[in-house]
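Student: sequence and computational prediction follow.
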Amino acid sequence: MEAYPEAVDDLARLAVLLGGPVVPAARGLLGARLSAGGVTVRITEVEAYAGTAQDPASHAHRGRTPRNAAMFGPAGHAYVYFTYGMHWCLNVVTGPDGEASAVLVRAGEVVTGLAQARSRRRAARSDGDLARGPARLCAALGVDRSAYGRNLLGDGPVRLRPALEPVPDPAVAAGPRVGVTGAHDVPWRFWITGDPTVSAYRRHVPRRRAAEAARPVAET
DNA sequence: ACGAAGATCACCT
DNA sequence: GGTGATCTTCGTG
């Protein structure tokens, strides 16, 4: 894999940031670099998820289960989940050990390993689509269950490193999270404004069975 | 043991 | 803009 400049002090600051509250941690991950499987992406879009009884959209909302256990672990480790029978998604765990919170990495710009990413993402119509969306990003990086619980700040197969250049506040936008059924008023999605790799916002439409489709659904 | 839903994507019209 | 794919996870009985 190609080497890139890296400052130890910045890595230490990143570790401190991840150990704190999830929302600033999410914001701070914009511009950071994620490497796996010979591909490096610059993170362009993230979402914050809080812990038990705080965030109805969080996988940890109903407490600890075998699936979400990594969310309760130390900051800087990976929480990987499998969904819709076919997709992997990657989160960076945040906050103190024992408390559940994590940042979903939703999109990135491929900066090294372009050929490798393209070969893993044959369906991508453009390079901007290679890691546009959380499952596509994992596919481009070759991330799957084997990354579950691993430390991303060490020398493992999946590595998170600080941004080469900080992303300034004017370049950052915030809005509702994508694909969650509730909490549409909470602007915990952060992205780099105007970046072509950021996924389009779509309001979540719950899957309805045919019998339910004809029936009116009560609004909150 | 069973069923329903899911932090999505690709492909169709 | 709509829908099928595909299977794990967890709540309930």
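Tutor: Ah, there it is.

Student: which residues touch A:L137?
Tutor: A:L137 makes contact with A:V41, A:L90, A:V105, A:R106, A:A107, A:G108, A:A131, A:V143 under the criterion Cβ atoms under 8 Å, 6 or more residues apart in numbering. For glycine as for every other residue, the C-beta is placed from the backbone atoms N, C-alpha and C.

Student: so which residues on chain A come close to DNA strand B?
Tutor: A:47, A:49, A:57-60, A:71, A:79, A:83-87, A:89, A:91, A:102, A:104, A:121, A:123-124, A:129, A:133-137, A:139, A:177-181, A:199, A:204, A:206-207, A:209 (Cβ under 7 Å from any atom of the strand).

Student: around the residue lying closest to A:N151 once chain neighbours are set aside, count how many other residues there are.
Tutor: Leaving aside its sequence neighbours, A:N151 sits nearest to A:H77 (Cβ to Cβ, 6 or more residues apart in numbering; 5.3 Å). By the measure other Cβ atoms under 10 Å, the count of residues near A:H77 is 25.

Student: from A:G85, how far off is A:H77?
Tutor: The gap separating A:H77 from A:G85 is 25 Å, by Cβ to Cβ, to the nearest Å.

Student: need the residues of chain A near DNA strand C, please.
Tutor: Counting by Cβ under 7 Å from any atom of the strand, chain A sits next to DNA strand C at A:R62, A:G63, A:T65, A:P66, A:R67, A:N68, A:F82, A:Y84, A:G85, A:M86, A:V205.

Student: hmm, 6 Å instead?
Tutor: Within chain A, the positions adjacent to DNA strand C are A:R62, A:T65, A:P66, A:R67, A:N68, A:F82, A:Y84, A:G85, A:M86 by Cβ under 6 Å from any atom of the strand.

Student: the third one in helix, strand or coil?
Tutor: Of the three states, A:P66 takes coil under DSSP: H, G, I helix; E, B strand; the rest coil.

Student: phi, psi for the residue nearest to A:N151 please.
Tutor: Note on A:H77: its backbone torsions stand at phi -100, psi 170 [degrees, to the nearest 10].

Student: ok, it - contacts?
Tutor: Applying Cβ under 8 Å, 6+ apart, we find A:H77 in contact with A:A70, A:V92, A:V93, A:G149, A:R150, A:N151, A:L152.

Student: hmm, A:R150 and the first one touching each other?
Tutor: No: with contact defined as Cβ atoms under 8 Å, A:A70 and A:R150 do not form a contacting pair (9.0 Å).
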